[in-house]
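In: attaching a predicted model along with its sequence, questions to come.
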Amino acid sequence: MKIKCALAVLAAFSVSSIAMGDFTVEDIPTWRGDANTSHFEWQSFEHAGGSDPVNFAFPNMPTSSSGAGSAVLYNFADGAMIAGDGNIYGFGGPLDIHTYAYTAADAQDAVINISMAGSPMNYEGLYLAWNGADGESGLIANDGFAMNYLEEADFGGFPGVFANVSYSFDLSAIEADVREVGIIFGGFAPHMSLDAVSLDIRTAAIPAPGVLALLGIAGAARRRRRRN
């Protein structure tokens, strides 16, 4: 775990009114913006979520994105609200955040940045789940993270933090054709306020249409030779 911290003590605030507005320090992958990469960012949220399945129809869509594929973000914990600043605020209990990305080709790398305030998130509890194109699935547990910014604070009589944390996952050794990536994280206690999330995905190159046609012809020829 690498740590780059800035420590301070702030005056008392109400957590539900706190907004960082973005990342104080963001761990940007060197390949962001390259070919075969996607970037999704949530700087505000519209749906507080909850455990009732009716909430599953209302994901938080990225406020900005680039590249192929798509992504959504849910909170599956009850007792949350959307604060006036657009944060998801866990007033009644710990947040349970699920971020899902759907890729146009085999996912090779994933990097997530999280900006939050109030009660600390469960830094070591974050994990990645993946699904393959042919029904395979698996989990990658967190084995370290980068604490890019940490600022201690006093939120109206109870301690808390402002924090920016990032996680990187290497998916290139997975034999399956990974097309869905889910990153799940949450808190230990009420009063965690999710401010912003960014998700970067790097995939294998997508074959050009002409190449796909040639591959189809080659496959048909192989099948014909087998029949003969």
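Out: Structure's in. What do you need? Residues are numbered from 1 along each chain as shown.
In: when you work out contacts or count neighbours from here on, use the C-alpha atoms and nothing else.
Out: Will do.
In: what comes up buried for stretch 57-65?
Out: Neighbour-count burial for stretch 57-65 flags 59, 60, 61, 62, 65 (criterion: 16 or more other C-alpha atoms under 10 Å).
In: the last one sits in which helix or strand?
Out: Okay, so that is residue 65. Here residue 65, judged by DSSP states H and E, is contained in strand 64-66.
In: who touches that strand?
Out: 38, 39, 40, 41, 42 (C-alpha atoms under 8 Å, 6 or more residues apart in numbering).
In: mind putting the buried residues of stretch 57-65 in TSV, pLDDT included?
Out: Converted to TSV, the buried residues of stretch 57-65 look like this (pLDDT from 0 to 100):
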residue	pLDDT
59	97
60	98
61	98
62	98
65	97
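In: what's the closest of those to residue 201?
Out: Closest approach to residue 201 among the buried residues of stretch 57-65 (C-alpha to C-alpha): residue 65, at 11.3 Å.
In: can you list the low-confidence ranges for this protein?
Out: Applying pLDDT under 70 to the chain picks out residues 1-21, 207-228.
In: what about the strands in it?
Out: Along the chain, the segments classed as strands by DSSP state E run 2-3, 37-42, 64-66, 70-75, 81-82, 88-89, 96-102, 107-118, 127-132, 137-141, 146-155, 158-170, 178-186, 192-203.
In: can I get those strands in CSV with distance to residue 27?
Out: Compiled in CSV, the strands of the chain are given as follows (distance: least, C-alpha to C-alpha, whole Å):
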stretch, distance to residue 27
strand 2-3, 12
strand 37-42, 13
strand 64-66, 17
strand 70-75, 19
strand 81-82, 26
strand 88-89, 22
strand 96-102, 18
strand 107-118, 7
strand 127-132, 18
strand 137-141, 20
strand 146-155, 7
strand 158-170, 6
strand 178-186, 17
strand 192-203, 10
